[in-house]
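Peer 1: My questions are about this predicted structure, shown below with the sequence.
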Amino acid sequence: QVQLVESGGGLVQAGGSLRLSCAASGGSFRLYSMAWFRQAPGKEREFVAVISRSDVTYYADSVKGRFTISRDNTKKTVYLEMNSLKPEDTASYYCAANYHLGSSPPTGVGSYGYWGQGTQVTVSS
């Protein structure tokens, strides 16, 4: 059983930066793919970024070049560095974990069995 707790959300002006953290407990963190998803009011949860256990990363086109995902296995924490934030980045951001053996980490919501409670990011224009 894996527990995930996100932190670092807040209110920021457009063009600003935030760093989200997701601390994990339980399970074997280093074996998991770790992903960030987000969900805006009235919209479906969408993929943002993922990092595999071998540090392969994928990003949604909407955040590519602005967001960076990283992990620290010793701290059992995954990070999402968000730069050049836009109002359309406003959403609740969720951390997710999944154990898998493939070389390409999954990007679908249904591929993740462990989720955090979310942290709110609001970008003002």
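Peer 2: Looks like it arrived, so ask away.

Peer 1: Report the central residue of this protein.
Peer 2: Nearest residue to the geometric centre of the chain (CA atoms, centre = their mean): Trp36, 2.0 Å.

Peer 1: give me the low-pLDDT residue ranges for the protein?
Peer 2: Of all residues in the chain, none has pLDDT under 70.

Peer 1: What segments of it are strands?
Peer 2: Under the criterion DSSP state E, the chain contains strands at 3-7, 10-13, 18-25, 32-39, 46-51, 57-59, 67-72, 77-82, 91-99, 114-115, 119-124.

Peer 1: could those strands go into CSV alongside distance to Thr107?
Peer 2: Yep, even glycine has a C-beta here, placed from its N, CA and C like the rest. What follows is those, written out as CSV (distance: least, CB to CB, whole Å):
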stretch, distance to Thr107
strand 3-7, 17
strand 10-13, 25
strand 18-25, 17
strand 32-39, 7
strand 46-51, 5
strand 57-59, 6
strand 67-72, 12
strand 77-82, 15
strand 91-99, 10
strand 114-115, 15
strand 119-124, 20
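
Peer 1: Would you point to the one among those that's packed deepest?
Peer 2: With neighbours defined as mean count of other CB atoms under 10 Å, these peak in mean count at strand 32-39, which reaches a mean of 25.

Peer 1: tell me what it is packed against?
Peer 2: Counting contacts by 3 or more CB pairs under 8 Å, 6 or more residues apart in numbering; DSSP states H and E, strand 32-39 is packed against strand 18-25, strand 46-51, strand 67-72, strand 77-82, strand 91-99.
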